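**Q** from the sequence below, what's the structure:
(chains A and B)
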Amino acid sequence: MESANNTNSSAPAAKIRVRFAPSPTGFLHIGGARTALFNWMYARAQGGTFILRIEDTDSERSKDEYLDEILRSMNWLGLNWDEFYKQSERFDIYRKYAQQLLDQGKAYQDGQAVILKMLPQQVKIFDLIRGEIQFDTETIKDQVLMKSNGTPTYSFACVIDDALMEVSHVIRGEDHISNTPKQIMIYQALGFKMPKFAHLPLIMDEQGGRMSKRAGAVAVSDYQRQGFLPQGIVNYLMLLGWSPGNNQEKVNLDAAVKKFSIKKVNKAGAAFSMDKLMWLNTQYIKELPVGKLIDLLLPFLKEKGYGDQFDRVWLEHTVKLYQPRMSTLLDFMDWADYLFEDNVKISDEDRVKHLGRDKIEGFKLLSEGLAKLSSFDHQSTEEAFRAVVTKLNIKAGDLVHPVRVALTGKTIGPGLFETMTVLGKEKTVERLKKAFE
RNA sequence: GGCCCCAUCGUCUAGCCUGGUUAGGACGUCUGCUUCUCAGGCAGAAAACACCGGUUCAAAUCCGGUUGGGGCUACCA
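**A** Model prediction:
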């Protein structure tokens, strides 16, 4: 807690201000989310300010729907911001500084465009993660500051905003390293104080290549739709390029903030692993109170057309049955569909493999035995089942698997008697009777 | 092509700064146990310092090069 301030500490630390600056020309993707996360963790760890700045200078490509999606994803992940800006509302500021550079002769005009003269020099940037990086501006051409259409370029708006918003640390992806010397030239021309830089390693696809649009889900909202929990995503993302130490893998945001250090961030790019994400998500699903898990499942059930009116006690039983085996919320939808559908869908393959004519007698006896039960629970169904097996002198497994297929349309699932219990007597008996029709 | 960044198990990483470790953990893979299937749980196993050279008594660790990967090279951000 904040109450532990050491009053003996010397000069107050400089105010930490960081920003995440997405462009609303697409959904928030996994790489952007990681950048946002590291900025957020740094701000929270340092008691600083986290700014969300929308870089929508390209009116052609920027869309409100993308902006909404980005905001939704940020909120879903729990990355709350302290200040919010849109560059499209600040065009007059950029124009003013462009005019200033023109007046000072540091920039020149080409048509309506304003272009910065590159002064030949060695530019050194000190990166918090990578150390010193040197560039020779000789190899960089003059930079367009204002485009012919009167809008600022990325670097120009970025530098002005970072300076005016008093951003202390620019934490962004490694793809911006090469932009940094150009931006430093702009800082110099404007006479602005430079922030500190930290360039995060990029996230690669599963093969170690460039993260591409079609290489599966890249949008945070896609993962949400696929039934991942924000805790799982956030935990996985923080592990790409950083380690909390102590051989810990499962770390929540609060714990991560306590340990986070920008200097401990890795330099090498990290390949995305769906398997590990799945595993982490499984861990978070497993520890969810069942009531909370149901709340998360409800929207999925509704969307699937199963409605939203369920017997809460029954649903709790059912969800508990699947919770230990779920990796995503969608798993439940796939595995428990037979409980919500009127008819079981049995593949021809399973029918041939499990529902041979030799099973008819067993099914008949079982459905009769079950129909007679006054209470229909794990114990009573199992007793009825054992009676049939004993009478026919067959192995339990010979009847268990066919019955599971007949009741659920699946060869895998929770224990058969638990399955019968949540399915209920009526449907169980009915499905057994109809199995061979 | 030019400039820049990077390099530990298949993958994410600890270790590297401040040379001396049986190079640790996790995911995944494989094996066994649990069991009506699957999942889970439990117990194990295989699996890495890219390469070459230098410094040093000693190199994953420091230096150089090679190779490989990635980024930038737009009046996109």
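**Q** rest of the way, CA atoms for contacts and neighbours
**A** Will do.
**Q** for A:M274, see how far away A:T35 is.
**A** Distance of A:T35 to A:M274, given as Cα to Cα, to the nearest Å: 19 Å.
**Q** if you count what's nearby, which of the two comes out ahead?
**A** A:T35 (24 against 13; other Cα atoms under 10 Å).
**Q** in the helix or strand of chain A with the lowest mean pLDDT, which residues are buried?
**A** Of all regular secondary-structure elements in chain A, judged by mean pLDDT, DSSP states H and E, the least confident is helix A:348-354 with a mean of 92. For helix A:348-354, a neighbour-count test (16 or more other Cα atoms under 10 Å) marks A:D350, A:R351, A:H354 as buried.
**Q** tell me which of those is nearest to A:P201?
**A** Within the buried residues of helix A:348-354, distances to A:P201 taken as Cα to Cα reach their minimum at A:D350, with 47.8 Å.
**Q** what segments of the stretch 51-200 of chain A are helices?
**A** Shown for the stretch 51-200 of chain A, the helices assigned by DSSP state H, counting those that start in this stretch span residues A:64-77, A:91-103, A:154-164, A:180-190.
**Q** RNA strand B: which of the ones you listed is closest?
**A** Comparison of the helices of the stretch 51-200 of chain A against RNA strand B by Cα to the nearest atom of the strand identifies helix A:154-164 as nearest, at 3.8 Å.
**Q** contact partners of that closest one?
**A** Residues from elsewhere that reach helix A:154-164, judged by Cα atoms under 8 Å, 6 or more residues apart in numbering: A:55, A:57, A:87, A:94, A:145-146, A:179, A:182-183, A:186-187, A:192-195.
**Q** same thing but at 6 Å, please
**A** Counting by Cα atoms under 6 Å, 6 or more residues apart in numbering, the neighbours of helix A:154-164 from elsewhere in the structure are A:L145, A:Q183.
**Q** do it and RNA strand B meet?
**A** Yes: contact of helix A:154-164 with RNA strand B is found when judged by Cα under 7 Å from any atom of the strand, involving A:Y154, A:S155.
**Q** up against RNA strand B, what does the stretch 201-350 of chain A have?
**A** Taking Cα under 7 Å from any atom of the strand as the measure of proximity, the stretch 201-350 of chain A contacts RNA strand B at A:202, A:206-210, A:239-243, A:245-249, A:264-273, A:275-277, A:279, A:324-326.
**Q** got a PyMOL select line for the buried ones in these?
**A** The buried residues among those can be selected in PyMOL (16+ other Cα under 10 Å) with this line:
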select buried, chain A and resi 202+206+239+240+241+242+243+265+266+269+270+271+272+277+279+325+326
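**Q** quick one: which of the residues of the stretch 201-350 of chain A next to RNA strand B sit in helices?
**A** Within those, residues falling in helices by DSSP state H are A:D275, A:K276, A:L277, A:W279.
**Q** which non-adjacent residue is nearest the third one?
**A** What it means is A:L277. For A:L277, ignoring the flanking residues on the chain, the nearest one in space by Cα to Cα, 6 or more residues apart in numbering is A:Y236 at 5.7 Å.
**Q** how much space between the one you found and A:K353?
**A** As it turns out, when the distance is counted by Cα to Cα, A:Y236 lies 40 Å from A:K353.
**Q** could you list every residue that touches the residue lying closest to A:M204 once chain neighbours are set aside?
**A** Spatial nearest neighbour of A:M204, chain neighbours left out: A:A271 (4.4 Å); criterion: Cα to Cα, 6+ apart. If a contact means Cα under 6 Å, 6+ apart, then A:A271 has A:I203, A:M204, A:D205, A:E206, A:G208 as its contacts.
**Q** A:E287 now?
**A** Taking Cα under 6 Å, 6+ apart, one finds nothing in contact with A:E287.
**Q** start to end distance for stretch A:311-330?
**A** Across stretch A:311-330, first to last residue, Cα to Cα, it's 20 Å.
**Q** and that stretch, how far out from the chain middle?
**A** Using Cα atoms, centre = their mean, to the nearest Å, the mean C-alpha position of stretch A:311-330 is found 22 Å from that of the whole chain.
**Q** which residues does that stretch contact?
**A** Here stretch A:311-330 makes contact (Cα under 6 Å, 6+ apart) with A:G227, A:F228, A:M278, A:N281, A:T282, A:K286.
**Q** out of these, who's the most crowded?
**A** A:N281 leads the contacts of stretch A:311-330 on contacts (other Cα under 10 Å) with 26 neighbours.
**Q** could I have the CA atoms of the strand or helix carrying A:L339 written out in CSV?
**A** For A:L339, the enclosing helix or strand under DSSP states H and E is helix A:337-340. Included here for helix A:337-340 are C-alpha records, laid out as CSV according to Å, rounded to 0.1, in the frame of the first residue of the first chain:
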residue,chain,number,x,y,z
ASP,A,337,-24.0,-29.5,-26.2
TYR,A,338,-25.9,-32.8,-25.8
LEU,A,339,-27.5,-31.4,-22.7
PHE,A,340,-29.0,-28.4,-24.5
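**Q** now that helix: buried residues?
**A** Of the residues in helix A:337-340, A:D337, A:Y338, A:L339 count as buried by neighbour count, 16+ other Cα under 10 Å.
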